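*Asks:* Have a look at this fold, sequence not included:
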């Protein structure tokens, strides 16, 4: 009886942590995050932004709710609900990137096909940068200075640039939040088809200049509604199943 009480207290404590987490969407994330913490998949200490030992297990457990819920478990930077990207920009540098997290998420094929990642020599993007004024940016680009820096760093170490194209097309705000949740250093949003590209900190410029997203979904608001419905139907059931399995062992 004592063990059963302890399990119930643990579950309630986890729920309290999730619901009180700043910027954590309790409607979408509550059940799924509780389940992942209950089975100890998301116990990373990311205070130094380097200890990513459980990052892969946690992102697998959070599954399709990763982007919305990774900040609930301290895996990625907290999202600012009032933050809006610059409307005239198609690229932007992100604050506090987490290179190790981005590497873990992109070094293998994502089994849920939420994104597709590509790696190529970082120096090549400097030489293939498109000419003309066909891209809005939120930071200036000094070709001569960047080229000199790129050559210097390429000689020191053979760096690869890794980018991740989100499978679903999305709004520029959603693109920024998605890339930030992956630990990316920059993002690029294509105005023509709303394709989102997340860019690693090892890239000298802003990734590939051609959109390679696999597909486009429903309107962003309908996607959020579908996601919320999914967590209510799926997440709650999964958490109850996890609790039931633990109770069976008691």
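*Replies:* Received the coordinates, thanks. Remember, it's a predicted structure, so these values are computed and weren't measured experimentally.

*Asks:* Where does residue 173 sit, in terms of helix or strand?
*Replies:* helix 172-181 (DSSP states H and E).

*Asks:* What helices and strands are in contact with that helix?
*Replies:* helix 66-69, strand 160-166, strand 186-189, strand 196-199 (3 or more Cβ pairs under 8 Å, 6 or more residues apart in numbering; DSSP states H and E). Where you see a C-beta, it was placed from the backbone N, CA and C, and this is true even at glycine.

*Asks:* could I get the ones you listed as a markdown table with mean pLDDT and mean neighbour count?
*Replies:* Written out in a markdown table, the entries for the helices and strands packed on helix 172-181 read as follows (pLDDT from 0 to 100; neighbours: other Cβ atoms under 10 Å):
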| stretch | mean pLDDT | mean neighbour count |
| --- | --- | --- |
| helix 66-69 | 86 | 24 |
| strand 160-166 | 94 | 23 |
| strand 186-189 | 95 | 26 |
| strand 196-199 | 96 | 27 |
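
*Asks:* Residue 58 is nearest to which of these?
*Replies:* helix 66-69 (8.3 Å; Cβ to Cβ).

*Asks:* next SSE after that closest one?
*Replies:* Next along from helix 66-69, by DSSP H and E: strand 91-93.

*Asks:* Report the mean confidence score over that following strand.
*Replies:* Strand 91-93 carries an average pLDDT of 93.

*Asks:* Identify the neighbouring strands of that strand in the sheet and state each direction.
*Replies:* strand 186-189 (antiparallel) (DSSP bridges).

*Asks:* which residues touch the partner strand?
*Replies:* 85, 90-94, 172, 175-176, 178-180, 195-199, 203, 206-207 (Cβ atoms under 8 Å, 6 or more residues apart in numbering).

*Asks:* distance of residue 214 from residue 32?
*Replies:* 24 Å (Cβ to Cβ, to the nearest Å).

*Asks:* So those two - more neighbours on which side?
*Replies:* residue 32 (26 against 14; other Cβ atoms under 10 Å).

*Asks:* what's the distance between that one and residue 103?
*Replies:* Between residue 32 and residue 103 the computed distance is 24 Å (Cβ to Cβ).

*Asks:* and what of residue 163?
*Replies:* For residue 163, the distance to residue 103 equals 12 Å [Cβ to Cβ].

*Asks:* what do you get for residue 36?
*Replies:* Taking Cβ to Cβ, one finds residue 36 at 21 Å from residue 103.

*Asks:* Which one of those two is surrounded by more residues?
*Replies:* residue 36 (31 against 17).

*Asks:* contacting residues around that one?
*Replies:* 42, 58, 61, 62, 73.

*Asks:* just residue 50 next, same as before
*Replies:* residue 100.

*Asks:* that's a helix at it, yeah?
*Replies:* No. Counting by DSSP: H, G, I helix; E, B strand; the rest coil, residue 50 falls outside a helix, being coil.

*Asks:* for this protein, where's the lowest mean pLDDT among helices and strands?
*Replies:* Taking mean pLDDT, DSSP states H and E as the measure, helix 2-20 is the helix or strand of the chain with the lowest mean score, a mean of 46.
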